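Chemist: mind folding the following:
(4 chains)
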Number of protein chains: 2
Amino acid sequence: MRQDNRLSRMLHVLLHMARHDGPATSNMIAGMLGTNPVVVRRTMAGLRDAGYVRSEKGHGGGWSIARPLSEISLLDVHRAVGGPHIFALGPVSDNPDCAVEQVVNDALDGALREAERRLLERLGAISLAELSTAFDEKCQAVLSGPIRDR
Amino acid sequence: MRQDNRLSRMLHVLLHMARHDGPATSNMIAGMLGTNPVVVRRTMAGLRDAGYVRSEKGHGGGWSIARPLSEISLLDVHRAVGGPHIFALGPVSDNPDCAVEQVVNDALDGALREAERRLLERLGAISLAELSTAFDEKCQAVLSGPIRDR
DNA sequence: ATTTCATGTAACTTATGATGTGTCGAGTCT
DNA sequence: AGACTCGACACATCATAAGTTACATGAAAT
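Modeler: Residues are numbered from 1 along each chain as shown, chains lettered A, B, ... in the order given. Purely as a prediction, here's the structure:
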């Protein structure tokens, strides 16, 4: 089943925007993501409605970050892009007549719910600022890596 | 995104088969699941290849359980039906050139992998026998419920 | 042997939702 | 006015589980 890339893409975009002065146009972002500007607008509309980014029309317009990275968690972005279904697996029906199916659904739902809860918890615990720091450290590691040998 | 019901369906079927003497035909099972016999055969082929059920052609043929319920975990069934993708979410690419995207992917992958690990762990810890027992208890609870009042 | 019942499999269609694409309208700067 | 950018709408594409049709194969009943 095809996977939903909106969260991944938006995290990517937000981190780049934070390292870029001035607004970024949908075209620039689309080029970066290897997609279409319309897809960018469509996806980023959610972030705008949630107040994480701003968009401005006209010459010199584009997208810019509206809040510090430290105040945006991965969970926030997940929700802003629509909080899509996390699982590709699911029960066959929500309110089955068959008692056997109820037992099966209860067991599966329980396991899925717990996995979802933990995943969202973890996404909520990571801020974009932390990813940005991780990026800095990664660059630093390369600079002070085996070639320069300190 | 549409969800994959194979695991749920197969659990449902296996529990019913265990309470039913003699083989069950694809037609009977399809009727129970509200689907088509070909879908049943296609999905149950995985269970047969894994040795959890047997199939026999011809008059009086059909499907029957080949191993005790206590020896089949929900994880076993998940794998037998193809171990499909669990998440509808995913990174945009596996080996991104962009270092920012690498950081994003690492964070997302880490969270998803842990959620997956826990989910599979939990599915592996539940056997079909336990679900069958849960069903018995559910029935008992109804029989000794408010109407009969002990 | 023939009929009947059942699985095995291939090929095709359908359904669903993210993604991709083209177009036009509206706002904003030069 | 002209260049630019977002907003939106409509439609096409793609991937995959599920549904459907058709036919071959094997086994039991007659």
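
Chemist: gap between the worst-scoring helix or strand of chain A on mean pLDDT and the chain center?
Modeler: Comparing helices and strands within chain A by mean pLDDT, DSSP states H and E singles out helix A:128-143 as the least confident, with a mean of 88. Between the mean C-alpha location of helix A:128-143 and the chain-wide mean there is a distance of 18 Å, by C-alpha atoms, centre = their mean, to the nearest Å.

Chemist: list the contacts of it.
Modeler: By C-beta atoms under 8 Å, 6 or more residues apart in numbering or on different chains, the surrounding residues in contact with helix A:128-143 are A:11, A:14-15, A:18-19, A:68-70, A:72-74, A:77, B:99-100, B:102-104, B:106-107. Yep, even glycine has a C-beta here, placed from its N, CA and C like the rest.

Chemist: hmm, try it at 7 Å
Modeler: A:11, A:14-15, A:18, A:69-70, A:72, B:99-100, B:103-104, B:107 (C-beta atoms under 7 Å, 6 or more residues apart in numbering or on different chains).

Chemist: what residues does chain A put near DNA strand C?
Modeler: Residues of chain A found near DNA strand C, taking C-beta under 7 Å from any atom of the strand as the criterion, are A:2, A:4-6, A:9, A:34-36, A:38-39, A:42-43, A:56-61, A:82, A:84-85.

Chemist: just the buried ones from the residues you listed?
Modeler: The neighbour-count criterion (16 or more other C-beta atoms under 10 Å in any protein chain shown) marks A:4-6, A:9, A:43, A:85 among the residues of chain A next to DNA strand C as buried.

Chemist: of these, just say which sits nearest to DNA strand D.
Modeler: The nearest member of those to DNA strand D, counting by C-beta to the nearest atom of the strand, is residue A:43 at 10.2 Å.

Chemist: nearest residue to that closest one in space, please, no chain neighbours.
Modeler: Sequence neighbours aside, residue A:6 is the residue nearest to residue A:43 in space, at 5.3 Å (criterion: C-beta to C-beta, 6 or more residues apart in numbering or on different chains).

Chemist: which ones among the residues of chain A next to DNA strand C lie within strands?
Modeler: residue A:56 (DSSP state E).

Chemist: pLDDT check: weakest of the buried ones among the residues of chain A next to DNA strand C?
Modeler: When these are compared on pLDDT, residue A:85 comes out least confident, at 91.

Chemist: which residues does the residue nearest to residue A:43 contact?
Modeler: A:43, A:81, A:84.

Chemist: rerun at 8 Å
Modeler: Taking C-beta under 8 Å, 6+ apart as the criterion, residue A:6 is in contact with A:43, A:81-82, A:84.

Chemist: flag the least confident of the residues you listed.
Modeler: At the low end of pLDDT for the contacts of residue A:6 is residue A:84, which has 87.

Chemist: ok so, going back, I'd like the contacts of residue A:6 as JSON lines, with distance to residue B:138 appended.
Modeler: Rendered in JSON lines, the data for those read as follows (distance: C-beta to C-beta, whole Å):
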{"residue": "A:43", "distance to residue B:138": "44"}
{"residue": "A:81", "distance to residue B:138": "39"}
{"residue": "A:82", "distance to residue B:138": "36"}
{"residue": "A:84", "distance to residue B:138": "33"}
